[in-house]
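no sequence for this one, just the structure:
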């Protein structure tokens with residue numbers, strides 16, 4: 001890498017990341033096979049490698065601690081919004097040059113939630129489909145995409161070589177820090193994921209906003225849906241406790257619905273809004289502090 005080259009955000013906007021994910025070949029929930037998922041060997045967009053280079057370089061333990069204080073700390077001034085307001089605000093993240101302006105962010109949320117609902121799943125499961133990506137509001141708050149989207153992983157211990165583009169972790173200061181570069185790092189064997197610090201992004205942020213209101217399977221889906229090294233590759237077994245193992249099937253059950261599940265008909269937000277307002281009110285308070 002040219003050390004003189006200034007770093008910049010490799011993605012122009014959030015929709016560029018969504019476009020990359022959507023161009024991959026993802027299976028329907030009924031026919032999914034492990035080998036059908038995500039191929040990063042030849043990404044459709046050059047920006048994907050640069051995205052992960054920045055992500056892996058900067059997502060250190062100290063970085064995560066700073067972001068947790070910045071966005072979760074008690075002294076932070078927060079804005080109160082309803083879930084509906086958050087959905088509609090997230091939907092403003094649209095490239096003005098993009099000809100497809102038919103609510104792309106809402107469409108992904110509705111594709112997920114409506115696919116879950118059509119299969120007769122628990123109503124809180126449907127709600128997860130609707131809200132799981134709302135933490136991407138971090139982009140509205142000025143965060144770069146590499147600190148909002150992408151695969152997540154534990155910090156404070158050795159990075160797995162099963163994480164996408166593991167070679168870029170050589171750029172991370174934790175890779176040369178004896179406190180963090182061993183198998184367990186700062187953790188104990190079998191400590192449980194609840195005691196593990198994850199890389200910063202929309203998953204972790206959204207989990208903390210709703211952790212007091214939803215059942216455990218829902219919270220695991222929200223918090224770990226991008227933790228592919230765990231739920232796809234079977235890594236970090238030594239950090240898990242029995243509760244994590246019990247929740248793993250739920251995370252796996254949710255994952256295909258997140259991967260741009262195609263619906264027979266495009267969901268229409270105006271027709272579904274009343275249903276989701278009622279569902280939100282069943283589980284969540286009128287507003288959340290974002």
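Now that the structure is in, tell me what you want to look at. Please read all numbers here as calculations on a predicted model, not as lab measurements. Numbering: from 1, shown residues only.

how near is the spatially most central residue of the chain to residue 241?
The centroid of the chain falls nearest to residue 203 when counting by CA atoms, centre = their mean (3.9 Å). Separation of residue 203 from residue 241 (CB to CB, to the nearest Å): 20 Å. Every residue, glycine included, has its C-beta placed from N, CA and C.

Can you name the residues that contact residue 89?
Counting by CB atoms under 8 Å, 6 or more residues apart in numbering, residue 89 makes contact with 81, 137, 140.

Redo those as JSON lines? Include pLDDT.
Below are the contacts of residue 89 laid out as JSON lines (pLDDT from 0 to 100):
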{"residue": "81", "pLDDT": "96"}
{"residue": "137", "pLDDT": "93"}
{"residue": "140", "pLDDT": "88"}
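
From these, pick the one nearest residue 188.
Top of the list for closeness to residue 188, among the contacts of residue 89 and by CB to CB, is residue 137 at 34.0 Å.

thought that closest one was touching residue 201?
No: applying CB atoms under 8 Å as the test, residue 137 and residue 201 come out as separate, 11.9 Å apart.

Tell me which of these two has more neighbours.
When residue 137 is set against residue 201 and neighbours are counted by other CB atoms under 10 Å, the residue ahead is residue 201, at 25 against 22.

Need the phi and psi values for the more buried one.
Backbone torsions of residue 201, given as degrees, to the nearest 10, read phi 180, psi -170.

Tell me the spacing between it and residue 109.
Where residue 109 is concerned, residue 201 sits at a distance of 17 Å (CB to CB).

do residue 237 as well
32 Å.

more crowded one of those two?
Using other CB under 10 Å, the more surrounded residue of residue 237 and residue 109 is residue 109, with 22 against 10.

Tell me the secondary structure at the residue nearest to that one when sequence neighbours are not counted.
Sequence neighbours aside, residue 130 is the residue nearest to residue 109 in space, at 5.2 Å (criterion: CB to CB, 6 or more residues apart in numbering). What DSSP: H, G, I helix; E, B strand; the rest coil gives for residue 130 is helix.
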